[in-house]
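Enquirer: Here's my sequence, what's the structure:
(chains A and B)
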Amino acid sequence: MADYLFTDNDWTFPRLDAVTRAIAAIAEEELHLDTYPNQLEVISAEQMLDAYASIGLPVYYAHWSFGKQRAIESGQYRRGEMGLAYELVINSDPCISYLMEENTMTMQTLVIAHAAFGHNAFFKNNAFFRQWTDAEGIIDYLAFAQRYIAQCEERFGMDAVTDVLDAAHAISRNGIDRARRPRQLSAREEEQRWQERERYLEQQVLEIWRTLPPVLGQKTQQTDIFPSEPQENLLYFIEKNAPHLEGWKREILRIVRKITQYLYPQGQTKIMNEGFACFVHYHIMHSLHGKGLLTDGTLLEFYASHTAVVMQPDFDDRRYSGINPYALGFAIFQDIKRICVAPTEEDRRWFSFAGDPDWLKQIHFAMREFRDESFVLQYLSPKVMRDLHLFSLRNEVDEASYKVSAIHDDAGYQHLREALARQIADSSRPPDIQVVSVDRWGDRHLRLKQMDQQPLDLEEAQKTLGFLHHLWGYDVHLDIEDQTLTAPQPLSAD
Amino acid sequence: MSTIIDRRSSGTRSTSNQERLQRRVRARLKKAVEKMARSGSIEDLANADQPISIPTRDLHEPSFRRDLSDASWERVLPGNKEYQRGDEISKPEGGASGQGREGSPDGLGEDEVAIVLSADEFLDLLFDGLALPNLRKTSQGDVQAEQWRRAGFIKDGSPSRMHVGRTMRAARARRLALRAGKRRELQELEEARSILQQEISARMARKQDVSLEQERLRDLDEQIAVLTRKIKAIPFIDEADLRFAHIDQQPHPITNAVMFCVMDVSGSMGEKEKDLAKRFFLLLYLFLHRHYQAVNIVFIKHHSTATECTEQAFFGAREGGGTLVSPAIELTENIINQRFPAERWNVYVAQVSDGDNYFADNAVVADHLNQLLPRLRNLFYLEVNRESESDLLQLYEGIAENHPELITARASAREDIYPLFRALFSREELPQHG
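Expert: Residues are numbered from 1 along each chain as shown, chains lettered A, B, ... in the order given. As a prediction, the model looks like this:
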């Protein structure tokens, strides 16, 4: 057949181009995907390892922890313990996808469908990404951050910068505004303003540190609690309120905070993002084959990779390492389509949209409006639970055995759904630690409080407090249920 | 709306992170490197390219995180086969293994990170901050040798260096140039001749007189014959065509070095002293190896007599008797004369001794040294394990005043060697011993 896009498996640039066009047509006509323009970049395995080390970001500031990450991963890769991802995609506009040069043409086709159209559409349309990230500004902002931090290293020395970054990284997971939409990033604006801001910050008398006697008649009392409400964003709080932090250190905290914020939605939508991308590539590959553009051999090779990716090992399998987000996400999206196209009696009881002739609308709705936790809570169907043979296990500290709390039967579906949603929520959220007060009139200590009941790793917490102390400049206390940790650690009695 | 970019040529960009990582664990890397320097054999170390494992706790990144090892939890798992609700599964011995603390966000469960140092990075760590002795002088003043190099083509030379290709090319060019004009002329004459001939036959057909034409034809034939002869006379090859490959002698720094390890193995040198010596030789070897393409080592042990030996015999030897230094210096000199002429080799001598020498020998030593030293790049004399300076050391120090290539030092413990070595090469003050 002369119509095949390719028959042997070597990729070439003209072929990549032809395949991308064919996929774009299907994505638009059949799946109505709205995507950012694509920028496909062919890279080597070494470059892929680089990208891994910097969380996939194409530009990033330098820090030893990224070097460590790379050392670990390249070691694993060389020993054959870890395969590299076939692709990596960045939430940016244009949307950058990396294609590994080792991939066969079939794999490149799969990767383009998966990343450049699946993930790309997800980035552009999912409410969470729309709300929390700015695809257009990110690359510029990263470049600004890299430049800024390099300049700081020159001016203030590498060690001083590393200290600040270490501390900022330690509390970065507690540096996210979960309830407020962050301001959009703009590198140009940042760069124009940073020097100005730095000067300003240095001169500014921070309101909370005003120790002049209150103006007569004004009702400022020494008993006022600052902050007036507990603050969950530790990075932000320190950046704005630390008594003696130099301007450039505040700027670095800000950079770490902005980048963490940008990455936040990815951790909240892993199952959906991968599930949707798999759903898209699955549809596109079949459609290409159906149109006579791919050979049967290509389709078979695709199946081999696809099944490997969406495979869920059982809990007692040696390969088991938790729920595979690709498997769960793909199963749910496929199931949404099935519930529309061929609903069973059970589906009609569980889902109001069962039998909707417009399955694509339902898929789009699910892709746009949810994050993993709510997605599972909304769409995890009894059929998928049965297919995956899900069950839940309960552990009570003082009991000698685990208890099976629910299995995939009528009595257990609801429980499993909720338990899984909770598990997803917990694993993507750091312990809830908030700033409750600052001793403004006394020794300026900072008091934090753990707001949730989750057991905290105390040793880690103690070390993290050390970093907080480094930034804050005065003692830092953390109240946990029945004890208080302090940094720096008080000298022992003897 | 899609752009495809080939990024493969832009290379990797992790070096700055690697640098920062190495910087962070520098202390530990140095310790590991020095440990290797202590235990390895001299030549293996120079080619060290082994990964160095750094425990991840040195590189730990703390954060607030959960610890589920001693807590209640509920977990959803895939792949149920036989369980029913309410089933109990006894916990594994030793608590909730496999459900331990929450993995760090970067997925690290490993205990160690392997940092692979390139040979250069290894040596950089080992010789951190060291400069080669007389580095400036070295870069210009390493022993030079004349080396024949190709230097284009010339018109004159010995037949054995004749370049056939170039010669034939020149010959062809000359032939073409000389023939071209004559050929054109010849062609014109031949055309004229054939026209004339046609005319002659035409006139003969009309029974007209052709005597004039016949004469012109003869004339033309003569001209053609002359021209043809001239063309034939252009030689296929001419002396002017000859080309010869030219070679020229150019100065070229010698990149071979030889290091003489000279050690006193008399009874007064114990295991400890030898260990000190080994570390000293080792470091010197590594250092030289880094600068020169190839470094030969010659081991010379001596007591009252001197012999050349293998590395094993060198460090294993324990021989009795008194000590004479001059035979060792003499042997070194002989070997240099026979095998390592100073104009072709960068010669280094490292001598370790406890300073014992028969006092009458000192004058002989001084004589030999004065002869030997100008031919050496450096002579390092290390005196080990003495309470105070020996006469020998004082002698050497005296000679060093006129011979800057002689460098002396003292060490009494293992820890002294490395700083001492650093001091020697960074040209700092030598560490003082009390």
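Enquirer: hey, let's count contacts and neighbours off CA atoms from now on
Expert: Noted.
Enquirer: ok, and the closest non-adjacent residue to residue 330?
Expert: You didn't pick a chain, so chain A it is. Counting by C-alpha to C-alpha, 6 or more residues apart in numbering or on different chains, A:G275 is the residue found nearest to A:F330 once chain neighbours are left out, at 4.0 Å.
Enquirer: hm, I was asking about chain B
Expert: The shortest distance from B:E330 to any residue that is not its chain neighbour, by C-alpha to C-alpha, 6+ apart, is 6.8 Å, and that residue is B:H368.
Enquirer: ditto for B:G322
Expert: Nearest-residue entry for B:G322: B:S304, 5.6 Å, with adjacent residues in sequence omitted and distances by C-alpha to C-alpha, 6+ apart.
Enquirer: any idea whether the one you found is helix, strand or coil?
Expert: Look at B:S304: counting by DSSP: H, G, I helix; E, B strand; the rest coil, its state is coil.
Enquirer: quick revisit: quick check, the residue nearest to A:F330 in contact with A:N324.
Expert: No - checked against C-alpha atoms under 8 Å, the pair A:G275 and A:N324 is beyond contact range at 10.1 Å.
Enquirer: Of those two, which one has the most company?
Expert: In terms of neighbours (other C-alpha atoms under 10 Å in any protein chain shown), A:G275 is the more surrounded of A:G275 and A:N324; the figures are 26 against 19.
Enquirer: Toward the C-terminus, what is the element adjacent to the strand or helix carrying the more buried one?
Expert: Under the criterion DSSP states H and E, the helix or strand holding A:G275 is helix A:270-290. Tracing the chain C-terminally past helix A:270-290 and defining elements by DSSP H and E, one meets helix A:296-309 next.
Enquirer: And that next one, what does it pack against?
Expert: If you count contacts as 3 or more C-alpha pairs under 8 Å, 6 or more residues apart in numbering or on different chains; DSSP states H and E, helix A:296-309 packs onto helix A:105-111, helix A:270-290.
Enquirer: try 10 Å this time
Expert: Judged by 3 or more C-alpha pairs under 10 Å, 6 or more residues apart in numbering or on different chains; DSSP states H and E, helix A:296-309 is in contact with helix A:105-111, helix A:270-290, helix A:325-341.
Enquirer: what angle sits between the second one and helix A:325-341?
Expert: Which is helix A:270-290. For helix A:270-290 against helix A:325-341, the angle by axes from the mean of the first three to the mean of the last three C-alpha atoms, to 10 degrees is 60 degrees.
Enquirer: Now helix A:270-290: average pLDDT?
Expert: Averaging pLDDT along helix A:270-290 yields 96.
Enquirer: From the contact counts, what lies against it?
Expert: helix A:13-29, helix A:105-111, helix A:120-125, helix A:247-268, helix A:296-309, helix A:325-341, helix A:359-369, helix A:372-379.
Enquirer: CA atoms only: put it into CSV for me.
Expert: Provided in CSV are the C-alpha atoms of helix A:270-290 (Å, rounded to 0.1, in the frame of the first residue of the first chain):
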residue,chain,number,x,y,z
LYS,A,270,-1.1,12.4,37.6
ILE,A,271,-3.8,9.7,37.1
MET,A,272,-6.0,11.9,35.0
ASN,A,273,-3.2,13.4,32.9
GLU,A,274,-1.6,10.1,32.1
GLY,A,275,-5.0,8.4,31.7
PHE,A,276,-6.2,11.0,29.3
ALA,A,277,-3.0,10.9,27.3
CYS,A,278,-3.2,7.1,27.0
PHE,A,279,-6.9,7.4,26.0
VAL,A,280,-5.9,9.9,23.3
HIS,A,281,-3.0,7.8,21.9
TYR,A,282,-5.1,4.7,22.0
HIS,A,283,-7.8,6.3,19.9
ILE,A,284,-5.4,8.0,17.5
MET,A,285,-3.3,4.9,16.8
HIS,A,286,-6.4,2.9,16.0
SER,A,287,-7.7,5.6,13.9
LEU,A,288,-4.5,5.9,11.9
HIS,A,289,-4.5,2.1,11.4
GLY,A,290,-8.2,2.2,10.4
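Enquirer: List the buried residues in it.
Expert: Taking 16 or more other C-alpha atoms under 10 Å in any protein chain shown as the basis for neighbour counts, the residues of helix A:270-290 that come out buried are A:270-285, A:287-288.
Enquirer: go on, stretch B:243-261?
Expert: For stretch B:243-261, burial by neighbour count (16+ other C-alpha under 10 Å) applies to B:243-246, B:253-261.
Enquirer: Can you tell me which of those residues is nearest chain A?
Expert: For those, the closest approach to chain A (C-alpha to the nearest C-alpha) belongs to B:T255, at 34.6 Å.
Enquirer: How confident was the prediction at that closest one?
Expert: You'll see B:T255 listed with a pLDDT of 70.
Enquirer: Just to check, it is in contact with B:N346?
Expert: Yes - under the criterion of C-alpha atoms under 10 Å, B:T255 lies in contact with B:N346, with a separation of 7.7 Å.
Enquirer: returning to what we had before: redo the buried residues of stretch B:243-261 as a markdown table? Include secondary structure.
Expert: What follows is these, written out as a markdown table (three-state DSSP):
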| residue | secondary structure |
| --- | --- |
| B:R243 | coil |
| B:F244 | strand |
| B:A245 | strand |
| B:H246 | strand |
| B:P253 | strand |
| B:I254 | coil |
| B:T255 | coil |
| B:N256 | strand |
| B:A257 | strand |
| B:V258 | strand |
| B:M259 | strand |
| B:F260 | strand |
| B:C261 | strand |
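Enquirer: which residue is nearest the centroid of chain B?
Expert: Here the mean C-alpha position of chain B is nearest to the C-alpha of B:Q293 (C-alpha atoms, centre = their mean), at a distance of 4.0 Å.
Enquirer: so what's it closest to, chain neighbours aside?
Expert: Leaving out its chain neighbours, B:Q293 is closest to B:T255 (C-alpha to C-alpha, 6+ apart), at 5.4 Å.
Enquirer: these two touch, right, B:D241 and B:R174?
Expert: Yes - the pair B:D241 and B:R174 passes the contact test of C-alpha under 10 Å, sitting 7.7 Å apart.
Enquirer: Spit out the residues that contact these two alike.
Expert: When contacts are counted by C-alpha atoms under 10 Å, 6 or more residues apart in numbering or on different chains, B:D241 and B:R174 have B:M168 as shared neighbours.
Enquirer: beta partners for B:R75?
Expert: Under the criterion DSSP bridges, B:R75 forms beta bridges with A:L393.
Enquirer: who in the stretch 101-250 of chain A is up against chain B?
Expert: For the stretch 101-250 of chain A, the residues found near chain B under the criterion C-alpha under 10 Å from any C-alpha of the partner chain are A:101, A:116, A:158-159, A:162, A:166-174.
Enquirer: Among those, which one sits closest to A:E301?
Expert: A:E301 lies nearest to A:E101 out of these, by C-alpha to C-alpha, at 17.4 Å.
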